[in-house]
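Participant: Whatever this is, show me its structure:
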Amino acid sequence: MTKSSLPRPVVKWAGGKRQLLGELAERCPEDFENYFEPFFGGGALYLYLWKTGAMRGKAFLNDANPELINLYRMVRDRAAELADAVQQPEFLNTREAYLACRRRFNAIRGTDACVERAALFLYLNHHGYNGLWRVNRRGEYNIPFGRYAKPPQFGEETVLKALATALEPAVLLEGDFAGVLPHISGGDFVYLDPPYLPVSATANFTSYTTGTFGMAEQERLFAMFREADRRGAQVMLSNSVAPEILDMYAEFSVERVQVLRYINAKVAGRRGAEEIIVRNY
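Facilitator: Here you go, the predicted model:
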């Protein structure tokens, strides 16, 4: 496999860990059995571990977003078919085409049209505003058109097939993060990357959270962290420097790191910010 065909994230994802990857990679355990990532998102850390040969057991990759998990299942199981599907002539870099594809996506979301859903998801993700994911109360995707000067590249067959190879050993799960807990045991490695708790009441939700992952969920996640620790797993978590989070994980190793965020639409807003990495090892 050539360097250009090595697997890489295929979605733009708020909270993605490409900018923090160097800090995370330095802190990963040298040896572990199975790998768990309950908030998979773009999957940057998993792909790093796969490329470096650190993966030797199973990988349990979970996300609460059913359309994201459907995409990964189609990449893993039907990559060539998906690569053909993203070549549809209606996938244009125009507002009219985008709105038509958005309507079609909302009409078939959650159905058995799995490859078409995955292709539409990729198109919308790369042509929508900042690659964000947001739904209304009816569960319909409602991000506006991104107005990109050049047509975004997405869904190249070599990229999809490379990712498919990396996903072969993965168990892809859809649902609440705690669903992976029964599978965790001693010697495993768990990476927790939840929607971050806002550092202030006015923090932009796209920087940290989906708006539905509040303190109650953060407390449930902390309980899961402690239980995985009790079972003998090696656990690493990333989150904001919110005082509540710092207090919550004070009994473990907490390190502050700097990261450059690219989710802001204005270049002036893409500045360094402080985050934390928590470990039990």
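Participant: Nearest the geometric middle of the protein, what residue?
Facilitator: Gly41 (1.0 Å; Cα atoms, centre = their mean).
Participant: residue contacts, that residue?
Facilitator: 11, 13, 15-17, 63, 68, 193 (Cβ atoms under 8 Å, 6 or more residues apart in numbering). Bear in mind the C-beta positions are built from the backbone N, C-alpha and C, glycine included.
Participant: Reduced to three states, what does it come out as?
Facilitator: Of the three states, Gly41 takes coil under DSSP: H, G, I helix; E, B strand; the rest coil.
Participant: List phi and psi for it.
Facilitator: Torsion angles at Gly41 (phi, psi; degrees, to the nearest 10) stand at phi 60, psi -130.
Participant: distance of it from Ser253?
Facilitator: Distance of Gly41 to Ser253, computed by Cβ to Cβ, to the nearest Å: 23 Å.
Participant: Would you mind measuring the gap between the ends of stretch 56-71?
Facilitator: 24 Å (Cα to Cα, to the nearest Å).
Participant: per-residue confidence for Asn239?
Facilitator: For Asn239, the model assigns a pLDDT of 97.
Participant: Repeat that for the one 10 residues further on.
Facilitator: With respect to pLDDT, Tyr249 scores 98.
Participant: what about it, how many neighbours?
Facilitator: Neighbourhood size, Tyr249 [other Cβ atoms under 10 Å]: 19.
Participant: wait, isn't it in contact with Leu237?
Facilitator: Yes: Tyr249 is within contact range of Leu237, at 7.2 Å (criterion: Cβ atoms under 8 Å).
Participant: Which residues are in contact with each of the two?
Facilitator: Going by Cβ under 8 Å, 6+ apart, residues that sit against Tyr249 and also against Leu237 are 225, 278.
Participant: what separates Leu181 from Asp229, distance-wise?
Facilitator: Noted for Leu181: a distance of 12 Å to Asp229, by Cβ to Cβ.
Participant: Tyr123 now?
Facilitator: Taken as Cβ to Cβ, the span from Tyr123 to Asp229 is 41 Å.
Participant: Next: Arg56.
Facilitator: From Arg56 to Asp229 the distance is 22 Å (Cβ to Cβ).
Participant: ok, back up a step: who has more neighbours out of Tyr123 and Asp229?
Facilitator: Neighbour tally, Tyr123 and Asp229, criterion other Cβ under 10 Å: the higher count belongs to Tyr123, 25 against 17.
Participant: My read is that the more buried one contacts Val86, right?
Facilitator: Yes: between Tyr123 and Val86 there is a contact at 6.7 Å, judged by Cβ under 8 Å.
Participant: Overlap of the contact sets of those two?
Facilitator: In contact with both Tyr123 and Val86: 154-155, using Cβ under 8 Å, 6+ apart.
Participant: State the pLDDT value of Pro169.
Facilitator: Confidence at Pro169, expressed as pLDDT, is 89.
Participant: check contacts around the nearest residue to it once chain neighbours are set aside.
Facilitator: Nearest residue to Pro169 in three dimensions, chain neighbours excluded: Ala59, at 5.6 Å (Cβ to Cβ, 6 or more residues apart in numbering). Applying Cβ under 8 Å, 6+ apart to Ala59 gives the contacts 34-37, 46, 50, 169-171.
Participant: Over to Leu68?
Facilitator: 11, 40-41, 121, 133.
Participant: hmm, back to that, filter the contacts of Gly41 to the buried ones?
Facilitator: Among the contacts of Gly41, those buried by neighbour count (16 or more other Cβ atoms under 10 Å) are 11, 13, 15-17, 63, 68, 193.
Participant: For Tyr35, grab phi and psi.
Facilitator: Per degrees, to the nearest 10, the backbone of Tyr35 is at phi -120, psi 140.
Participant: My guess is it contacts Leu47. True?
Facilitator: No: using Cβ under 8 Å, Tyr35 is not in contact with Leu47; the gap is 11.5 Å.
Participant: Same drill for those two, tell me which one is more crowded.
Facilitator: Neighbours per residue (other Cβ under 10 Å) separate Tyr35 from Leu47, with Tyr35 holding more: 24 against 20.
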